[in-house]
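Q: Quick check, what structure comes out for this input:
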Amino acid sequence: HLTFTRHSSKQPDHDNLAISFKHVQDGLVVAEVLIDDTPAVIGVPTYLWVYRARNLGGMTSVKIERP
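A: Sure, this is the predicted structure:
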């Protein structure tokens, strides 16, 4: 199971939040952290947003758990 979290000062809508992690998910496959990013392998990821002050800059975090 994957949980992607965006830390930023503005809350995106859910569609944009999910698509913003596409390159991160693909990067996990390229780095061989994940075998594949198909639903059969990773299930349905969770996408979260957490407020982070603008002066601190944005960041992302990824939590990877075994089913």
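
Q: contacts, neighbours, all on C-alpha from now
A: Noted.

Q: Against Val62, how distant is the residue lying farthest from the centre of the chain?
A: Here the chain reaches farthest from its C-alpha mean at Asn55, the gap being 21.8 Å by CA atoms, centre = their mean. Applying CA to CA, to the nearest Å, the value for Asn55 to Val62 is 22 Å.

Q: Chain neighbours aside, what residue packs nearest to Thr46?
A: Excluding its sequence neighbours, the residue lying closest to Thr46 (CA to CA, 6 or more residues apart in numbering) is Thr3, at 4.6 Å.

Q: picking up where we left off before, from Ser8, how far out is the residue farthest from the centre of the chain?
A: 10 Å.

Q: picking up where we left off before, assign a three-state SS to the residue nearest to Thr46, would you?
A: strand (DSSP: H, G, I helix; E, B strand; the rest coil).

Q: Count the residues that sit near Thr46.
A: 13 (other CA atoms under 10 Å).

Q: Show me what the helix ranked longest in the chain is in contact with.
A: As assigned by DSSP state H, the longest helix anywhere in the chain is helix 22-30. Outside helix 22-30, the residues that touch it by CA atoms under 8 Å, 6 or more residues apart in numbering are Leu34, Ile35, Asp36, Asp37.

Q: my read is the residue farthest from the centre of the chain is in a helix, agree?
A: Yes. Residue state for Asn55 (three-state DSSP) corresponds to a helix.
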